[in-house]
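K.L.:
The amino acid sequence is not available; the structure is as follows:
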């Protein structure tokens, strides 16, 4: 015969296991946001493909600086991976270093992208006039730049909280959520760059 104490222990164990298997609300929200971003860029790239079949379509040569920015963003994601691993291992000095490096590389990406846009506008004379790939490039790359800027701001907030927060929080969820977003915008940029090279 099972006692009430054993039954309570069994229920408590089952509850803990189900709670453990359940996705954290912040992670779930992040995946919903990522799905929305994917749908938005899928719509834009689909429109790009449709428009590129028109007779007056004008192609654009993508400046090499965008490839440099790609390498910088990829390196930033790699550094972010080491930051998350260091946090989980409670190696906080390494975590702070890798987080700072990832933040600086993210800022470097923004600067390189802005220079790329200036090259297109001033040297290549790609503006919003007429029709062609240039207009889509500004919109799609610009929207990605905005998402990277949001990631940089979030990174900065996490970084400042680590140094100036009164309570030292060792909850890994915010770090994992930030890292997931950062990896996503990295792979999204690589996809967009390859897409423009192939379709353009």
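P.N.:
It's in. In this text the structure is predicted, and so the values were computed from the model without any measurement. Numbering: from 1, shown residues only.
K.L.:
And the helices in this structure?
P.N.:
Using DSSP state H, the helices of the chain run over 4-21, 25-51, 65-88, 92-118, 133-164, 173-199.
K.L.:
check contacts around residue 90.
P.N.:
residue 170 (CB atoms under 8 Å, 6 or more residues apart in numbering). C-beta here means a position set from N, CA and C on the backbone, and glycine is covered the same way.
K.L.:
List the residues that contact the nearest residue to residue 96 once chain neighbours are set aside.
P.N.:
Spatially, and ignoring its direct neighbours in sequence, residue 96 is nearest to residue 162 (6.0 Å; CB to CB, 6 or more residues apart in numbering). Neighbour list for residue 162: 92, 95-96, 99 [criterion: CB under 8 Å, 6+ apart].
K.L.:
and residue 58, which of the helices of the chain is closest to it?
P.N.:
Shortest distance between residue 58 and the helices of the chain, using CB to CB, is found for helix 133-164: 6.6 Å.
K.L.:
tell me the angle the closest one makes with helix 25-51.
P.N.:
170 degrees (axes from the mean of the first three to the mean of the last three CA atoms, to 10 degrees).
K.L.:
tell me the average confidence for helix 133-164?
P.N.:
For helix 133-164, mean pLDDT is 89.
K.L.:
Buried residues, that helix. List them.
P.N.:
Buried residues in helix 133-164, counted by 16 or more other CB atoms under 10 Å: 133-138, 140-141, 144-145, 147-148, 151-152, 154-155, 158-159, 162.
K.L.:
can I assume residue 121 is in contact with residue 129?
P.N.:
No - taking contacts as CB atoms under 8 Å, residue 121 lies outside contact range of residue 129: 11.4 Å.
K.L.:
Tabulate the helices of the chain (JSON lines), appending distance to residue 57.
P.N.:
As requested, the helices of the chain are arranged in JSON lines below (distance: least, CB to CB, whole Å):
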{"stretch": "helix 4-21", "distance to residue 57": "50"}
{"stretch": "helix 25-51", "distance to residue 57": "7"}
{"stretch": "helix 65-88", "distance to residue 57": "20"}
{"stretch": "helix 92-118", "distance to residue 57": "21"}
{"stretch": "helix 133-164", "distance to residue 57": "7"}
{"stretch": "helix 173-199", "distance to residue 57": "10"}
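K.L.:
returning to what we had before: neighbour-wise, which of residue 121 and residue 129 wins?
P.N.:
residue 121 (14 against 9; other CB atoms under 10 Å).
K.L.:
Find the nearest non-adjacent residue to the more buried one, please.
P.N.:
residue 127 (6.5 Å).
K.L.:
try residue 120
P.N.:
Closest to residue 120 by CB to CB, 6+ apart is residue 126, at 4.4 Å.
K.L.:
how close does that neighbour get to residue 194?
P.N.:
Per CB to CB, to the nearest Å, residue 126 is found 19 Å from residue 194.
K.L.:
Could you check which of these two has the larger neighbour count?
P.N.:
residue 126 (22 against 11).
K.L.:
No further queries at this time; thank you.
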